[in-house]
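Colleague: A predicted structure for the sequence below; I have some questions about it.
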Amino acid sequence: ESKENLKRQFTSILPQAQKKISRYNDRDRGPIRVEMDCAPNKVYSACDQVRKNVGKASRVIFYYNGHGAMSCSHQSSEYGKCIWVVNGTIMHYTVVPLATLMEKLEAPALYIWDCDNAGLIVQRFNELAREKKEAWKN
């Protein structure tokens, strides 16, 4: 599909997603930041900025709509360990590792994975969280 068609589809989805997400926002109803077609450095920057703005005690909600994005093959070592984001152009995707998201957003955070293989992403994310928890103990 064309870049304009995809942007139009995403634009129609955003108000609905924002309305649903605002129900889970902290009591102070902090701002909702929307980023579309983000290169990894833009994702990392947005995560840093959001965490800085809300503070360490407030919940951050990360909503990822990955429908239409490519996915790793089942044989890939990255399968389920990353999400795919656009890198400057709608036709060029690159990965953002889940471990990096976890480090950038810290806790408390709520992650919503609206994409194919979301169950696998949740499983891998929980594995990473357990590994991190064990590392903190040691």
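Modeller: It's in.

Colleague: CA atoms only: put the helix-or-strand element of the chain with minimal mean pLDDT into PDB for me.
Modeller: Scoring the helices and strands of the chain by mean pLDDT, DSSP states H and E places helix 3-22 at the bottom, with a mean of 72. In PDB, the C-alpha atoms belonging to helix 3-22 read as follows (Å, rounded to 0.1, in the frame of the first residue of the first chain):
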ATOM      1  CA  LYS A   3       2.500   5.600   2.400                       C
ATOM      2  CA  GLU A   4      -0.500   8.000   2.200                       C
ATOM      3  CA  ASN A   5      -3.000   5.200   2.500                       C
ATOM      4  CA  LEU A   6      -1.200   3.700   5.500                       C
ATOM      5  CA  LYS A   7      -1.000   7.100   7.200                       C
ATOM      6  CA  ARG A   8      -4.700   7.700   6.600                       C
ATOM      7  CA  GLN A   9      -5.500   4.300   8.200                       C
ATOM      8  CA  PHE A  10      -3.300   5.000  11.200                       C
ATOM      9  CA  THR A  11      -4.700   8.400  11.600                       C
ATOM     10  CA  SER A  12      -8.300   7.000  11.800                       C
ATOM     11  CA  ILE A  13      -7.100   4.500  14.500                       C
ATOM     12  CA  LEU A  14      -5.300   7.000  16.700                       C
ATOM     13  CA  PRO A  15      -8.400   8.800  18.300                       C
ATOM     14  CA  GLN A  16      -9.900   5.400  19.200                       C
ATOM     15  CA  ALA A  17      -6.700   4.200  20.700                       C
ATOM     16  CA  GLN A  18      -6.100   7.500  22.600                       C
ATOM     17  CA  LYS A  19      -9.600   7.300  24.100                       C
ATOM     18  CA  LYS A  20      -9.100   3.700  25.300                       C
ATOM     19  CA  ILE A  21      -5.600   4.400  26.700                       C
ATOM     20  CA  SER A  22      -6.700   7.500  28.600                       C
END
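
Colleague: now it, how far from the centre of its chain.
Modeller: Centre-to-centre, helix 3-22 and its host chain are 15 Å apart (Cα atoms, centre = their mean, to the nearest Å).

Colleague: Also stretch 47-66?
Modeller: Relative to its chain's centre, stretch 47-66 lies at 10 Å (Cα atoms, centre = their mean).
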